[in-house]
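1. build me a structure from this.
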Amino acid sequence: MKILLWHVHGSWTNAFVRGGHEYLIPGPPRGNGLLGRDWPAAREVDVSEVDADLAVLQRPEEVGWVPGAIPVVYLEHNTPRHPNQPHPLKDWPGTIVHVTHFNDLMWDCGSTRTTVIEHGVVDPGPLYTGDLPRAAVVVNEPVRRGRVVGTDLLPRFAEAAPLDVFGMKTEQLGEMGRGDLPLDVLHPELARRRAYLHPVRWTSLGLSLVEAMHLGMPVVALACTEVVRAVPPEAGVVSTDVDELVRALADLVADPASAREKGKQAREFALAHYGLEAFLRAWDRLLTGVCG
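-> I've put the predicted structure just below:
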């Protein structure tokens, strides 16, 4: 199957293009192209000349860029700003695919058919060592995004353990900022930290959290959006009580054996619920139905 999709969300696309199809990625002027990614099954195309069996759209403007004869589905990565927010494709005669059940619950999609295909990630392997008594955080643009991603909470957690914050423009945080690293560098760095901290209030489920669990890291996370489904009790501590989370982070950093055991449980859960094979099978079922 030839599948047209734009390179919008790098980590999600990194999993999707491993499904055994041919992936057509629009380049400029209406796309980013591969951006140097090593995706053997993908190639850059001019969207005006593309010949595809199906298109996976991820932004409203893409609807008008796809030739009318190509079947489409719409993939929604994000959480709405509030539960009354109408989706841009509300009452559209197609299918919207959400990446979490929380997003499906919260978006007002009207009469449009919706379904959920949860995240799948390429397993980085059980790299966890936890030899550094520190906590890792992954977030992009924490200063600009502020309370949404819990930037205001970082000083409170830093009282429990030194924090290393990775992601785009994290240098703006000063000492704790570690910058944006490629995945093959980021994963071993995360795995050296004793625990993974997810202080996010209101976003879709971050793939970095799922990747950290695959690494074998124990998790301390706010009980917001999809996290309550993604992190089981045996994998760490999930709560809306920040004081409880601060204590939990301090306890994990002080107890390497407990951290390692919780990280082992986190990895087992992530492999079972966010594995690559199940993700690709779910997409194959959907796309085959749309094409059929």
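2. spatially nearest residue to residue 160, not counting backbone neighbours?
-> Nearest residue to residue 160 in three dimensions, chain neighbours excluded: residue 250, at 3.9 Å (CB to CB, 6 or more residues apart in numbering). C-betas here are computed from N, CA, C, even on glycine.
3. burial count for the one you found?
-> Applying other CB atoms under 10 Å, we find 17 residues neighbouring residue 250.
4. quick one: the strands in the protein?
-> 2-5, 22-26, 42-45, 54-57, 72-76, 95-98, 113-116, 132-138, 163-166, 177-179, 193-198, 219-222, 236-239 (DSSP state E).
5. pick the most buried one from those.
-> Most buried of these, by mean neighbour count (mean count of other CB atoms under 10 Å): strand 193-198, with a mean of 29.
6. what is the orientation angle of it with strand 132-138?
-> Orientation note: strand 193-198 sits at an angle of 30 degrees relative to strand 132-138 (axes from the mean of the first three to the mean of the last three CA atoms, to 10 degrees).
7. mind listing the strands strand 193-198 pairs with, and their directions?
-> Strand 193-198 sits in its sheet next to strand 132-138 (parallel), strand 219-222 (parallel), going by DSSP bridges.
8. mind checking which of those strands is nearest residue 168?
-> If you check each of those against residue 168 by CB to CB, strand 132-138 wins as the nearest, at 10.1 Å.
9. for the closest one, list the C-alpha coordinates in CSV.
-> The C-alpha coordinates for strand 132-138 follow below in CSV (Å, rounded to 0.1, in the frame of the first residue of the first chain):
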residue,chain,number,x,y,z
LEU,A,132,22.9,8.9,38.5
PRO,A,133,20.7,9.9,41.6
ARG,A,134,18.9,12.5,39.4
ALA,A,135,15.5,12.7,37.7
ALA,A,136,15.0,13.2,33.9
VAL,A,137,12.3,15.2,32.3
VAL,A,138,11.6,15.5,28.5
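10. how about the helices in the stretch 151-292 of the chain?
-> Using DSSP state H, counting those that start in this stretch, the helices found in the stretch 151-292 of the chain span residues 154-158, 183-192, 207-215, 227-230, 242-254, 256-273, 276-291.
11. residues of the first one that come out buried?
-> When you say that, I think you mean helix 154-158. For helix 154-158, a neighbour-count test (16 or more other CB atoms under 10 Å) marks 154, 157, 158 as buried.
12. could you do the fifth one as well?
-> Under the neighbour-count criterion of 16+ other CB under 10 Å, helix 242-254 has 245, 246, 248, 249, 250, 252, 253 buried.
13. got the angle for that helix vs strand 193-198?
-> Using the same axes, to 10 degrees, helix 242-254 lies at 160 degrees relative to strand 193-198.
14. what's the angle between helix 242-254 and helix 256-273?
-> Taking the same axes, to 10 degrees, one finds helix 242-254 and helix 256-273 inclined to each other by 110 degrees.
15. contacts for helix 242-254, please.
-> 133-135, 153, 156-157, 159-161, 194-195, 197, 218, 220-222, 236-237, 239, 258-259, 262 (CB atoms under 8 Å, 6 or more residues apart in numbering).
16. in TSV, list the buried residues of helix 154-158 along with distance to residue 165.
-> Compiled in TSV, the buried residues of helix 154-158 are given as follows (distance: CB to CB, whole Å):
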residue	distance to residue 165
154	7
157	10
158	10
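17. how about the strands paired with strand 193-198 in a markdown table, adding distance to residue 178 and mean pLDDT?
-> Rendered in a markdown table, the data for the strands paired with strand 193-198 read as follows (distance: least, CB to CB, whole Å; pLDDT from 0 to 100):
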| stretch | distance to residue 178 | mean pLDDT |
| --- | --- | --- |
| strand 132-138 | 9 | 98 |
| strand 219-222 | 18 | 98 |
